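Colleague: My questions are about this predicted structure, shown below with the sequence.
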Amino acid sequence: MATFRKILVANRGEIAVRIIRACRELGIPAVAIFSDADRRSLHVQLADEAYLVGPAPSLQSYLNQDRILEIARQCGADAVHPGYGFLAENADFARKVQKAGIRFIGPPPEAIELMGDKTAARKLARQLGVPTIPGTTEPLTSSDEAVSVAADVGYPVLLKAAAGGGGKGMRLVREPEEMASAFRAAQSEAHSAFGDGRIYIEKYIEEPRHIEFQILGDQHGHLIHLFERECSIQRRHQKLVEESPSVVMTETLREEMGQAAVRLARAAGYTNAGTVEFLVDANRNYYFLEMNTRLQVEHPVTEWITGIDLVKEQIRLARGERLLWQQEDIRTHGHAIEVRVYAEDAQSNFMPSTGTIRFMQEPAGPGVRCDSGVFSGQQVLPYYDPLLAKLIVWAPTRQEALDRLKRALMEYLIYGIETTIPFFLRLVDHPEFRKGNISTHFLEKYPALVSGKEAGDGEIAGVIVSTLHHLRERKRTFVPGNHNSESSGSRWKLLGRLEGLH
Amino acid sequence: MRYRVRIGEKTYELEVEDNHSQLKLYLDGKPVDFDYEIIHESGLYSLILGGKHYRIWVENQKNGTYLLKLNQKSISAEVENERQALRRLLTPRKGGGGTAAVVKAPMPGMVLRIDARQGQTVAMGQGLAVIEAMKMENEIRSPVEGVVKKIHIQQGQAVEKGAPLFEITPSA
């Protein structure tokens, strides 16, 4: 089958870099697009061709469908990879790409539309006998309606954006009094993030685990799953850590959930890579959550335990090639864990941190993979998602993988901005996390993990280095005739007396 | 040259002897066995202290205040030499000025919405504005009960971290 001539990567950051790498290995030229703010970004540096897409704000650049299509046509790209976020789950965009005679590397627009609408997806799940969380199947029209539905399913409830993902437009409501303001906030956040303010409501499961299944499907009706990923460590519904296998998974449960995921994907007419998300409660009951009709941030975890390159498979499948495996061919080995390095200050409640990365050194060595979108000297801007890089480790067992993760985190230097690395170091040593006793409420249960700010040890070393640095800076700005003989005698006695006056 | 370094509650006195080719250090009067290399110009040091190795990054945050990173933890250090200490102590402090509490931007972002009006009485913890940063909405709340004396921002405006947003005169 003829290969693609050229692939346009309609994204930025680490995922654009990841896709460009797959293109390179397949010998297909990769085209980057960049906003005014991204001219110096890593994905541009690694691409074969690069075109300006527009000004910094996403709406005028990475979300500008017509401009992206224009670039694709002009440069002669015959396929577009959307990555995740931005236009990845936009059915209109997928349709426009197809109409332009260009292949969209992802599922058909109809499947994006069906599964992207959370309400429709849950309806489909119920029809197929896949368990779902009690709640509404139709979007809510008002906060009054939300209050009456919540009274039926019982508090606490969760308000969610119908078009959402990534925790945007999501609010937890514990009592009726909180509903009106939560509803308004969810609606406005959903509207600004997705241009769609529709909200639905569901019962909130206490202490749930987030477990999802990776799906692959060809255009000839063959679908398989690539086992689970557990992504229970989240903050504000934003995933921070993903691993596979999940410590709670049993052979029977894996088989049952995997089959449910495949059944849903098949009913939706799904092809290419996708992910079916579930919540699993303390009694190992599972509930269908939603389907992500795209490549996931955490795909490297699955790649490592199965040995399958998901991005290359996406490209092959989009060309119409057949899946190379039957379900029973898929085997896993060892344990993989991914952590998301965000430009957020883990020593100050995850405040966004922007600025220039003055020095960076990535970890390496056995069992370590770093999917990064940044480099030393790069400016981190407030316009886009704060994900800088993903650190993924593999080892034969979970305990060894955690030891390796800790080692790699200590090696990972990013200076000039603050990151989530200190958080992961606290987490990796947490006894309950070590045991795998986790849920999506883990960080609410152990808030010290989030707000923790421990003073570093090695104070004496700090004293010496700060003084050396001070000395060096003063030498650099040395002006002849401006240096008093500071070594002559001690003035500290005088200082002591002066300080006494204050 | 003598230095005073403050880390947290503790103050260290460090004497530096710079004999061109060799640097000698005395910490609180005792000689220090050390060796260092600058690994990267931006501030990465390799320090060997009595055989123990430290990889430290140091950044000058403002005059005399240094942010140190060691084993993925932060240390804040204030460094001054005798002359600087003297100058600090001899410079009269600026007057206390008004008593209004200044609410500053906790992160860089865009002002999505302003919920307070000038002259409005606000409760402690009441929402004053919403700032969007990296696609998340963050509510800015009043740290005190009082009256909104001044609004420094407009809707749609981009703000830097630490930029003044509101001034609130606390209720007596």
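Modeller: Good, I have the coordinates.
Colleague: So what's the residue count around residue B:11?
Modeller: Residue B:11 has 12 neighbours, counted by other CB atoms under 10 Å in any protein chain shown. For the C-beta atoms, the positions are set from N, CA and C on the backbone; glycine is no exception.
Colleague: actually residue A:219, not the one I wrote
Modeller: Around residue A:219 sit 15 other residues, with neighbours defined as other CB under 10 Å.
Colleague: give the contact list for it.
Modeller: Taking CB atoms under 8 Å, 6 or more residues apart in numbering or on different chains as the criterion, residue A:219 is in contact with A:271, A:317, A:320.
Colleague: Quick check: which element contains it?
Modeller: For residue A:219, there is no helix or strand it lies in under DSSP states H and E.
Colleague: Can you list the low-confidence ranges for the chain?
Modeller: Since no chain was named, I'll use chain A. For chain A, applying pLDDT under 70 flags the ranges A:1-2, A:164-166, A:453-456, A:477-502.
Colleague: could you do chain B instead?
Modeller: Across chain B, residues meeting the criterion (pLDDT under 70) sit at B:92-98, B:172.
Colleague: The residue at minimal distance from the centre of chain B - nearest residue in space that isn't next to it in sequence?
Modeller: For chain B, the residue lying nearest the average C-alpha position, counting by CA atoms, centre = their mean, turns out to be residue B:61 (6.6 Å). Of all residues not flanking residue B:61 in the chain, residue B:67 sits nearest, at 5.2 Å (CB to CB, 6 or more residues apart in numbering or on different chains).
Colleague: bridging residues for the one you found?
Modeller: In this structure, residue B:67 bridges to residue B:59, residue B:76 when assessed by DSSP bridges.
Colleague: Please tell me I have it right and it contacts residue B:56.
Modeller: No: counting by CB atoms under 8 Å, residue B:67 stays clear of residue B:56, with 10.8 Å between them.
Colleague: quick one: residue A:168 is in a strand?
Modeller: No: when DSSP: H, G, I helix; E, B strand; the rest coil is applied, residue A:168 is found to be coil, with no strand at that position.
Colleague: ok, how many other residues are close to the nearest residue to it once chain neighbours are set aside?
Modeller: Of all residues beyond its chain neighbours, the one nearest residue A:168 is residue A:193 (4.2 Å), with distances taken as CB to CB, 6+ apart. The number of residues packed around residue A:193, counting by other CB under 10 Å, is 21.
Colleague: mind checking the SS state of residue A:193?
Modeller: The three-state assignment at residue A:193 reads helix, by three-state DSSP.
Colleague: wait, it sits on residue B:136?
Modeller: No: between residue A:193 and residue B:136 no contact is recorded; they are 9.5 Å apart, counting by CB under 8 Å.
Colleague: Show the contacting residues for residue 40.
Modeller: All of this is about chain A. Taking CB under 8 Å, 6+ apart as the definition of contact, the neighbours of residue A:40 are A:378, A:379.
Colleague: right idea, wrong chain: chain B
Modeller: Residues in contact with residue B:40, defined by CB under 8 Å, 6+ apart, are residue A:359.
Colleague: try the one 3 residues further on
Modeller: Residues touching residue B:43, when contacts are defined by CB under 8 Å, 6+ apart, comprise A:358, A:359, A:415, A:469, B:57, B:58, B:59.
Colleague: Now, of those, which are buried?
Modeller: The neighbour count (16 or more other CB atoms under 10 Å in any protein chain shown) marks A:358, A:359, A:415, A:469, B:57, B:58, B:59 as buried among the contacts of residue B:43.
Colleague: So which of these are in strands?
Modeller: Helix and strand membership here follows DSSP state E; of those, those in strands are A:359, A:415, B:57, B:58, B:59.
Colleague: At which residues are the strands of the stretch 1-150 of chain A located?
Modeller: A:7-9, A:30-35, A:49-54, A:79-81, A:103-104 (DSSP state E, counting those that start in this stretch).
Colleague: The second one vs chain B: in contact?
Modeller: Okay, so that is strand A:30-35. No: taking CB under 8 Å from any CB of the partner chain as the criterion, strand A:30-35 and chain B are apart, separated by no less than 15.1 Å.
Colleague: Which pair of the ones in strands among the buried ones among the contacts of residue B:43 spans the longest distance?
Modeller: Across those, the longest distance by CB to CB is 11.0 Å; it joins A:359 and B:58.
Colleague: Now the phi/psi pair for residue A:12, please.
Modeller: Geometry field for residue A:12 lists phi and psi as phi -140, psi -180, criterion degrees, to the nearest 10.
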